[in-house]
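Asker: Fold the following and give me the result.
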Amino acid sequence: MADQPQGKGPLSEEELQELVASSDAGGRNPSAPSVAMLLAVVATVWSLFQVLLASPISNYVLPGDVVNNSRQIHLAFAMFLAFTAYPALKSSPRTYIPIQDWIMAAVGAFIALYGFFFYEKIVGNGGLADDTDKWFALVGLVLLFEGARRALGPAMAIIATIFLAYVFFGSSEWVPEVIRWKGASLQKAMSHMWTTSEGVFGIALGVSTKFVFLFVLFGAMLEKAGAGNYFIKMAFGALGHLRGGPAKAAVVGSAATGLISGSSIANVVTTGTFTIPLMKRVGFSSEKAGAVEVASSVNGQIMPPVMGAAAFLMVEYVGISYVEVITHAFLPAAISYIALVYIVHLEAVKNNMPTLGDRVVSMGKTIGGMALFFAFFAALCYGVQYPVKWIVSVTDNSGLILSILTVLAYLALLWIAAQGPDLEPDDPNAEEVKLPVVSEIYKSGLYYLLPIIVLVYFLMIEQKSPGLSAFWATMLLFVILLTQRPLKAMFRGAGETMEHFRAGLIDLWQGLIDGARNMIGIGLATATAGVIVGTVTLTGVGQVMADLVEFLSGGNLILMLVMVGLLSLVLGMGLPTTANYIVVSSLMAGVVVQLGAQSGLIVPLIAVHLFVFYFGIMADVTPPVGLASFAAAAVSGGDAIKTGFIGFFYSLRTVALPFVFIFNTDLLLIDVGWAQGILVAITATIAILAFTAGTMNYFLVRNRIYESVALILVAFLLFRPDYVMDRIQPPFHIVEPDALEQTLDAAAPGDEIRLVVAGPDFDTGETTETRLALQIEGDGTGAERLEEFGLITMNEDDMVKLDEPMFGTPFADTLSAFDFYADEPVRISTVKATAQQMPKELVFIPALLLLALIALLQRARMNNGRDDITEGETA
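Answerer: Residues are numbered from 1 along each chain as shown. Prediction:
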């Protein structure tokens, strides 16, 4: 992709499809029918195996050994298809598969299944590799890295190779002393990386096997059914007539695609082939048009429910439910998209861009209509539970009845769709652009919402596992792909039902193939990332990273977070969303928690994981790698590096938000009630719009410098009201350590007691500190509450000493870094109790007044004609 000639015009449709194929599904297209059929059959079998594995009957249909070793089977399919679908080099043949690739595909698949074939022997050895196992494992790693290089580019393979080299040669003199370790033998390393579940076959590959595949397949089949074209047309019908309409439609269309997509590059090319030419027609430069598409497509990776498959990994890594993960992730993602729509609006107004088409509709009515639709859709997803609960309560055959009702709803919506013509993709380069009319086209795709409603219902209301939820939604898509063509023909009285059924069967088959081929890279990415995770667990390099970041930042919390963000950005370069999240979270998440605690900041683990995730995905935008930026430049014909820099500027809000929710976890809706949650959502939306207006240097008219500064200040006050209030009234008051029990006794439920614990570090023996946050819940005496937290205190020698907490108690892991048996005692040095404080929301009042003052100043200038823009153009 980086070799795309700059400024030589956009790529053709055929070249774009090859670009997507080579980056996401493999660039090889064998000319021999038998070989092409073999690859199609293998991909189809993989998809069907994964669907069966996720089904409720998997334990009855599949042998226990197959279910227990599903990770090995998953990787075997990915390895086989990687070597057969992806050429080794740019000069390698595309129309046939060389013999060496056949050999590597077969050997790679066999070694992936090694633990399945020799399960008894490995268990008999206690999971340790013997002399034979270690060589098979080493060959397996080499082939895995080569497969990852082909499917993902060199970055992933290079990073994994460096980590593996560190495992073997970590004790060498050329390794900096700060990260030096004793090293490992080949046998120990291979045991850890291949024959146990600590490395390649670890949590990441398990999540890819159980959850990710089904969601990727769901997205591929929904696209095959025609939902992608429907979403884009609806977005253009709603927004295309506004100033900068194509860019706004690109943002909304990419948001809809990003909900279910695991690839920002595919998102760029899929929606960008239509949106970018139209953006250029209304006045966006090639680079700006590409940058809008990049920013909106990459944003799709932070949007629940899929989040580029990272949501499922967070469930495993953070240890909270899937519903909690997407609840915490929703608000930052939503306001980030709102800000992006505002960015393109300001670009259009600043440059006085023309509108498309001849319809005149107010922006207020458009936004109101879209908000009404989303509110109705959310209410529908939520309200479905009540009739379902009633049906379940009155009959034992509720599953059958609900299935029949779903089919009837599908038939009714399909009949409505059949009353009009099918939606055909528009040509963005046509001489006259005719914008779709929402009221005319919305009926043609309402049935596409059914699988999404089923998915959301099972995930959010029933709270079933993501895999089972995606299974039922995918089953409905099977039915839709098979029947939509023949049923529409029947409703229209067009005849040739069998011909349409055959076409539907081909659509279903192609959807299964597309889903499997889209998973090759993700399967290999999660397996290769397992080597990095395995290195962290084997060598303890995570602690070293914490020491390194602490040393370089000098203990400054903001500087430390900036450094972690930059490291996440660098580590994420050239990696797909899933892989870079695994890499950066395994290395950086613990660093933020540990150093934050040392600086007095108690950060929830989910906030830390979202922080590194946001910075990891920014690597898709940022030059010099910026894969999504190169893809967008290939579509627009613009300069890829310039597209990347503009895309990064448009994504500044995505860079700022992680810093906000690290310090103000209200933005993640953590421990927030309904009323406060609504207030947080409103103020956060105003804040992100003020931040956008400040950084874009435009609000109602062009900003003066002091107005831009004031707008950014407004954003800060709305995002961080606690910062101001804590300086007016400190949130905690200091208590003598020996009064800890009495303080706990007097604390009310909802209060927080913070402790600073000091003592000798277990590894170095040097005195270190950490912070503990005791959240008071329920009633009880001080002694009872201490016991609940697992803290054993002793008042001796004019200090409050701590004994080692019992295993499994709340702070056992946090305090495990201390040496409780050294001469120097581990002690509580400071106790802080919750103090009375005015509501921090009072800070919103001066912030909103300042915003109103800026608006009044700019409106006065606008009315006096001091700016080259009229009121009508600012809508």
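Asker: Quickly find the element holding residue 545.
Answerer: For residue 545, the host element (DSSP states H and E) is helix 541-553.
Asker: Which elements pack onto that helix?
Answerer: If contacts are counted by 3 or more Cβ pairs under 8 Å, 6 or more residues apart in numbering; DSSP states H and E, helix 541-553 sits against helix 557-571, helix 590-598. For glycine as for every other residue, the C-beta is placed from the backbone atoms N, C-alpha and C.
Asker: Using PDB, list the CA coordinates for the helix or strand following the shortest one.
Answerer: Heading C-terminal from helix 590-598, the first helix or strand you meet, by DSSP H and E, is helix 605-617. Provided in PDB are the C-alpha atoms of helix 605-617 (Å, rounded to 0.1, in the frame of the first residue of the first chain):
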ATOM      1  CA  LEU A 605      -8.700  -1.200  34.800                       C
ATOM      2  CA  ILE A 606     -11.300  -0.700  32.000                       C
ATOM      3  CA  ALA A 607     -10.300   3.000  31.700                       C
ATOM      4  CA  VAL A 608      -6.600   1.900  31.300                       C
ATOM      5  CA  HIS A 609      -7.500  -0.700  28.600                       C
ATOM      6  CA  LEU A 610      -9.600   1.900  26.700                       C
ATOM      7  CA  PHE A 611      -6.700   4.400  27.000                       C
ATOM      8  CA  VAL A 612      -4.100   2.100  25.300                       C
ATOM      9  CA  PHE A 613      -6.700   0.900  22.800                       C
ATOM     10  CA  TYR A 614      -7.500   4.400  21.600                       C
ATOM     11  CA  PHE A 615      -3.900   5.200  21.100                       C
ATOM     12  CA  GLY A 616      -3.200   1.800  19.500                       C
ATOM     13  CA  ILE A 617      -5.800   2.300  16.800                       C
END
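Asker: when you compare where helix 605-617 runs with where helix 590-598 runs, what's the angle?
Answerer: 130 degrees (axes from the mean of the first three to the mean of the last three Cα atoms, to 10 degrees).
Asker: chain center to the next helix or strand after helix 605-617: distance?
Answerer: Using DSSP H and E, the helix or strand that follows helix 605-617 in sequence is helix 627-636. Relative to its chain's centre, helix 627-636 lies at 21 Å (Cα atoms, centre = their mean, to the nearest Å).
Asker: what inclination does helix 627-636 have with respect to helix 605-617?
Answerer: If you take the same axes, to 10 degrees, helix 627-636 sits at 40 degrees to helix 605-617.
Asker: which helices and strands sit right next to helix 627-636?
Answerer: Looks like helix 627-636 contacts helix 13-20, helix 264-281, helix 286-299, helix 640-650 (3+ Cβ pairs under 8 Å, 6+ apart).
Asker: give the contact list for the residue nearest to the spatial centre of the chain.
Answerer: Nearest residue to the geometric centre of the chain (Cα atoms, centre = their mean): residue 307, 2.9 Å. By Cβ atoms under 8 Å, 6 or more residues apart in numbering, the residues touching residue 307 are 301, 326, 329, 577, 613.
Asker: which of those has the weakest pLDDT?
Answerer: Looking at those by pLDDT, the weakest one is residue 577, with 69.
Asker: re earlier: what's the closest of the helices and strands packed on helix 627-636 to residue 727?
Answerer: If you check each of those against residue 727 by Cβ to Cβ, helix 640-650 wins as the nearest, at 31.8 Å.
Asker: and the closest one, what does it pack onto?
Answerer: Helix 640-650 packs on helix 286-299, helix 627-636, going by 3+ Cβ pairs under 8 Å, 6+ apart.
Asker: Looking at that helix now, give me its mean pLDDT.
Answerer: The model assigns helix 640-650 a mean pLDDT of 87.
Asker: Now whichever helix or strand comes after it: buried residues?
Answerer: Toward the C-terminal end, the helix or strand that comes next after helix 640-650 (DSSP H and E) is helix 652-663. Within helix 652-663, the residues scored as buried using 16 or more other Cβ atoms under 10 Å are 652, 653, 654, 655, 656, 657, 658, 659, 660, 661, 662, 663.
Asker: same check, this time on stretch 535-542
Answerer: Applying 16+ other Cβ under 10 Å to stretch 535-542 flags 535, 536, 538, 539, 541, 542 as buried.
Asker: what's the most distant pair in those?
Answerer: 538 and 542 (10.8 Å).
Asker: follow-up on the earlier one: deepest-packed of the helices and strands packed on helix 541-553, please.
Answerer: helix 590-598 (a mean of 21; mean count of other Cβ atoms under 10 Å).
Asker: Tell me which stretches of the stretch 651-800 of the chain form strands.
Answerer: For the stretch 651-800 of the chain, applying DSSP state E, counting those that start in this stretch gives strands covering 732-735, 752-760, 767-775, 792-796, 799-803.
Asker: comparing these, which gets the lowest mean pLDDT score?
Answerer: Among the strands of the stretch 651-800 of the chain, strand 767-775 scores lowest, at a mean of 85.
Asker: okay, now residue 829: neighbour count?
Answerer: 13 (other Cβ atoms under 10 Å).
Asker: Give the next helix or strand downstream of whichever strand or helix holds it.
Answerer: For residue 829, the host element (DSSP H and E) is strand 827-834. Using DSSP H and E, the helix or strand that follows strand 827-834 in sequence is helix 844-863.
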